[in-house]
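Student: structure here, sequence nowhere to be found:
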């Protein structure tokens, strides 16, 4: 049974930081990604990284967010710094593709999502 379990979301003030974690079981993550979906908006790619490759980021988070992975633990992380109110969304961990892709339809496995709220 494939499971992706996220943790680390919460409420943070603008300018603050959060670190999201995603632990996968039942599948080896080749390309791992973080997506987010705000109310009334489409799900969008935040960052993705292939096993042993370079990360891709949405323009809106470049320089503030960092995606990383621990292949031994089959886990992926998202360090979010300098958070802004517009970063408020449910964040999802995703996995499945063997080559880098930004298309959400290419990711077969999804976590349940974790809420990130940036507000003063």
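Tutor: Great, that's in hand. Fair warning: this is a prediction, and the values are worked out from it, not measured in the lab.
Student: who's the residue sitting nearest the centre point of the chain bridged to?
Tutor: Geometric centre of the chain, nearest residue: residue 34, 2.1 Å, by Cα atoms, centre = their mean. Assessed by DSSP bridges, residue 34 has beta-bridge partners residue 47, residue 93.
Student: list the contacts for it?
Tutor: 20, 22, 45-48, 67, 76, 78, 91-94 (Cβ atoms under 8 Å, 6 or more residues apart in numbering). Heads up, the C-betas are built off the backbone N, CA and C, glycines and all.
Student: mind doing that once more with 10 Å?
Tutor: 6, 20, 22, 45-49, 57-58, 61, 65, 67, 76-78, 80, 91-94, 111 (Cβ atoms under 10 Å, 6 or more residues apart in numbering).
Student: mind listing which of those are in strands?
Tutor: When DSSP state E is applied, those are split such that 6, 20, 22, 45-49, 57, 65, 67, 76-78, 80, 91-94 fall in strands.
Student: what does stretch 69-76 contact?
Tutor: Stretch 69-76 is contacted from outside by 4-6, 20-34, 47-52, 55, 67-68, 77, 93-95, using Cβ under 10 Å, 6+ apart.
Student: might one say that residue 29 is in contact with residue 95?
Tutor: Yes: with contact defined as Cβ atoms under 10 Å, residue 29 reaches residue 95; the gap is 4.3 Å.
Student: okay, and the common contacts of those two?
Tutor: Residues touching both residue 29 and residue 95 (Cβ under 10 Å, 6+ apart): 4, 22, 74, 76, 109.
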